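# Below are the sequence and a predicted model for it; my questions follow.
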Amino acid sequence: MGMAWSIIAYCKLFFLYSYHETGRNSTEFCMPRLSFIVTILAVILIHCIVAAKGRPAKEDRLNTAIYNAELPEKFAKKIDAAAARSPAFMADLRTCLRGKKYLRELVDRQHPLPSDYVPNDLVMLEEGIYQLIRPEPLRQVALESLNKMSAAARKDGVTLAVSSAYRSYEYQTKVYNRNVRELGQKLADMESAQPGASQHQTGLVVDFYPVNESFANTKAGQWLVANASRFGWSLSFPKGHEDATGYKWESWHYRYVGLDIARFIDNYFDGVQHYALRFLHEWEQWEASSPHGNQ
Ligand SMILES: [Zn+2]
């Protein structure tokens with residue numbers, strides 16, 4: 001847009017000069033001096049170079065996001081290749097970024113939620129298609145998806161049971177403090193999130209029952225591994241990525257991220273939600289901090 005105005009301005013200058021050269025007899029065409037044309041062309045060229053420098057290439061943005069998200073080499077190479085190979089990656093990325101911000105909100109120790117953050121559309125869960133261990137609320141959008149997913153599981157002969165959903169900042173404070181008392185700081189940090197750093201505060205998370213390692217071998221645990229992403233759910237703390245997520249493997253803890261992000265996680269991040277959300281977060285941070293970010 002800036003470039004268009006500049007070109008219009010240059011054209012105006014050109015015609016003003018032409019008019020000036022022809023004097024009052026404007027019907028008679030008079031070529032402006034060659035030196036003047038050369039000067040204008042030089043100014044346009046300089047403008048183009050400056051504009052191109054100010055707008056980083058797609059590769060630069062990609063590398064910055066990959067670097068800041070601290071993606072392991074395997075993922076960095078995969079994203080780099082996907083972005084270079086086809087426009088599908090960029091289209092999929094844009095689709096994720098167009099969705100509701102809360103779906104891709106990165107919540108971890110480095111990115112805690114404010115203590116007064118409470119989702120504005122929490123709905124109390126009611127036992128029906130799924131079993132309920134204790135009544136807790138969930139965001140409307142996650143509840144609707146949970147209903148669909150539970151119905152699909154039922155058709156396959158699997159009953160999902162919800163153990164825990166939304167947790168307030170205050171509740172998480174109690175859970176964390178109790179774990180610190182009983183287990184000590186280090187183990188408590190592997191077991192539970194510090195207040196503000198819990199995904200449960202987003203109102204988009206369900207802990208399925210039972211909340212222990214045996215869940216992975218239950219029919220429900222296996223059904224979720226195979227099907228959860230079809231409904232927009234993603235395992236938050238997978239096996240083998242404990243160092244990156246900071247939590248031990250939690251086969252029961254699923255976060256609703258919506259269909260687009262769930263696909264993005266599966267297609268480009270081998271199902272590891274943590275890296276995908278970090279990458280989306282860093283990409284957005286970069287765009288927000290750059291004057292040319294959203295070009
Ligand atoms: Zn959980």
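Great, that's in hand. Here the structure is a predicted model, which means the values were calculated and not measured. Numbers count the residues shown, from 1 in each chain.
# Can you pull the phi and psi angles for Gln110?
Dihedral pair for Gln110: phi -80, psi -20, per degrees, to the nearest 10.
# count of neighbours near it?
Gln110 sits with 10 neighbouring residues when counted by other CB atoms under 10 Å. Yep, even glycine has a C-beta here, placed from its N, CA and C like the rest.
# now the one 4 residues further on
Around Pro114 sit 9 other residues, with neighbours defined as other CB under 10 Å.
# thinking it is in contact with Gly196, fair?
Yes. The pair Pro114 and Gly196 passes the contact test of CB atoms under 8 Å, sitting 7.1 Å apart.
# Thr64: helix or strand, and which one exactly?
Element membership for Thr64 (DSSP states H and E) is helix 58-68.
# Kindly report the residues of the stretch 101-250 of the chain close to the ion.
Selection of the stretch 101-250 of the chain residues close to the ion by CB under 5 Å from the ion yields Asp207.
# Identify the bridge partners of the closest residue to the ion within the stretch 101-250 of the chain.
Closest approach between the stretch 101-250 of the chain and the ion, counting by CB to the ion: Asp207, at 4.0 Å. Asp207 has these beta-bridge partners by DSSP bridges: Ser164, His253.
# Would you mind giving me the confidence score for it?
In this prediction, Asp207 carries a pLDDT score of 98.
# One more: the one 4 residues further on?
At Val211, the model reports a pLDDT of 96.
# isn't there a strand covering it?
No. Counting by DSSP: H, G, I helix; E, B strand; the rest coil, Val211 falls outside a strand, being coil.
# Count the residues that sit near it.
The number of residues packed near Val211 is 15, by other CB under 10 Å.
# Check Gln172 too.
Neighbour tally, Gln172, other CB under 10 Å: 21.
# So the chain: which segments form each domain?
Domains of the chain are assigned by automatic domain parsing as 2-54, 55-108+269-295.
# worst average pLDDT in these?
Confidence, taken as mean pLDDT, is least for domain 2-54 of the domains of the chain (a mean of 56).
# in the stretch 51-200 of the chain, which spans are helices?
Counting by DSSP state H, counting those that start in this stretch, residue ranges of the helices within the stretch 51-200 of the chain are 58-68, 73-85, 88-98, 101-104, 140-155, 169-183, 185-191.
# looking at those helices, which is closest to His253?
Among the helices of the stretch 51-200 of the chain, helix 185-191 comes nearest to His253, with 11.7 Å by CB to CB.
# Against Asn217, how distant is the closest residue to Arg61 other than its chain neighbours?
Nearest residue to Arg61, sequence neighbours excluded (CB to CB, 6 or more residues apart in numbering): Trp286, at 6.0 Å. Relative to Asn217, Trp286 is positioned 42 Å away (CB to CB, to the nearest Å).
# what about those two, which has more around it?
Remark: of Trp286 and Asn217, Trp286 carries more neighbours, 17 against 9, as counted by other CB under 10 Å.
# so what's that one up against?
For Trp286, the contact set (CB atoms under 8 Å, 6 or more residues apart in numbering) comprises Arg61, Thr64, Ala65, Asn68, Gly293.
# thinking the residue of the stretch 101-250 of the chain closest to the ion is in contact with Arg255, fair?
No. Contact criterion CB under 8 Å: Asp207 and Arg255 do not qualify, at 10.5 Å.
# Give me the more crowded residue out of those two.
Taking other CB under 10 Å, Asp207 and Arg255 do not tie; Arg255 has more neighbours (24 against 20).
# thought the more buried one was touching Ser234?
Yes. Because the distance of 5.6 Å satisfies CB under 8 Å, Arg255 is recorded as touching Ser234.
# If anything else comes up later, I'll come back, but that's it for now.
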